[in-house]
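Peer 1: build me a structure from this.
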Amino acid sequence: MVIKMGMKKILGCVRKADQEFNMIQDGDRICVGVSGGKDSTLLLYALSLYQRFADVSFEVIGVHIEMGFPDMKFDELNRFIKDKHIELYHYHSDIYQILQINKNPNGTLKCSLCSKFKKATVIEAAKQHNCHKVAFAHHSDDATETLLMNMIFGGKIATFLPQMYLDRTDIQFIRPLLYAYESDIQEAIQEANIPVVMSTCPNDKHTEREEMKKMLHELYKKYPQAKHNFQLMLSNEKQTMLWHKTPRKKEKDED
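Peer 2: As a prediction, the model looks like this:
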């Protein structure tokens, strides 16, 4: 099988993330949460290819949680995944119905609640298939957007971690696409003719994250070097300089 340049670049990003953060160990069985979108679909395919030349032996499967959004057609994607001899399992859920009952005051769905339900359901499915690691398809642009959202809306300097262990579920989360940009993913998807299922979530393209994406797009047009430097800063621990409060201690009143 010939692997084209776009996919080679993605696999290079996966290898770098794996080696720098020790994400995948020998004997791992990894579950990829697949929404049907370009990022998660590519991650599942990329990990299936990475199995062939990684320096450790591991297994990978995909799990799709059927959210309940209307007109999500997976037929073409299912055929592609089957043709590549990759395991993909579908799980029914009532998440959309629950979200409709618990809407925001302005009538929109609660993204944070949706994320919580999806994560819990993927963990449950992963355990059913004897997987102790769950791979999410967050990429470099997602990390920068998350950083900005936390600064603007949360007053903190933080983004998601490359990997995270949850004690109560005994599940390790990993993000192998950490070093890939969204443009890299789009290029690889097109080169490999990977079918993508368009989201019918009513919040799609109408979120705070989408606002961050647009703002960064304009910034990169003026300062193109910022895109690489933003990725660099997320692990540039030696050159982090923040305020460290050292308040003056009050002297005790003398008798």
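Peer 1: is the closest residue to K103 other than its chain neighbours part of a helix or strand, or is it coil?
Peer 2: By the measure of Cβ to Cβ, 6 or more residues apart in numbering, the closest residue to K103 outside its immediate chain neighbours is L109, 6.1 Å from it. In short, each C-beta sits where N, CA and C put it, glycine included. Local secondary structure at L109 is given as coil here, using DSSP: H, G, I helix; E, B strand; the rest coil.
Peer 1: give me phi/psi at L109?
Peer 2: Note on L109: backbone dihedrals following degrees, to the nearest 10 are phi -80, psi 150.
Peer 1: wait, what's in contact with it?
Peer 2: Under the criterion of Cβ atoms under 8 Å, 6 or more residues apart in numbering, the contact partners of L109 comprise 99-100, 103, 201-203.
Peer 1: gap between it and Y220?
Peer 2: Distance, L109 to Y220, using Cβ to Cβ, to the nearest Å: 29 Å.
Peer 1: likewise for L234?
Peer 2: L234 is 16 Å from Y220, where distance means Cβ to Cβ.
Peer 1: now the residue nearest to K103: how far from T169?
Peer 2: Look at L109 and T169: by Cβ to Cβ, they are 25 Å apart.
Peer 1: and M198, by the same measure?
Peer 2: When distances are taken as Cβ to Cβ, M198 and T169 turn out to be 31 Å apart.
Peer 1: same check, this time on H85
Peer 2: Here the distance between H85 and T169 works out to 29 Å (Cβ to Cβ).
Peer 1: got a list of contacts for the longest strand anywhere in the chain?
Peer 2: In the chain, taking DSSP state E as the definition, the longest strand is strand 59-66. Residues outside strand 59-66 that contact it (Cβ under 8 Å, 6+ apart) are 28-36, 44, 47-48, 51, 72, 74, 81, 86-93, 95, 118, 121-122, 125-126, 129, 131, 135.
Peer 1: same deal with stretch 200-215?
Peer 2: With contacts defined as Cβ under 8 Å, 6+ apart, stretch 200-215 is touched by 67, 69-72, 108-109, 111, 141, 144-146, 148-149, 153.
Peer 1: and it, how far out from the chain's middle?
Peer 2: Average the C-alpha atoms of stretch 200-215, do the same for its chain, and the two points are 15 Å apart (Cα atoms, centre = their mean, to the nearest Å).
Peer 1: how about stretch 32-47?
Peer 2: Worked out by Cα atoms, centre = their mean, stretch 32-47 lies 10 Å from the chain centre.
Peer 1: can you give the contact residues for it?
Peer 2: The list of residues contacting stretch 32-47 from outside it, by Cβ under 8 Å, 6+ apart, reads 7, 10-11, 14, 30, 60-65, 72, 74, 77, 81, 84, 86, 88, 118, 122, 134-139, 176-177, 182, 185-186, 188-189, 192, 194-197, 199.
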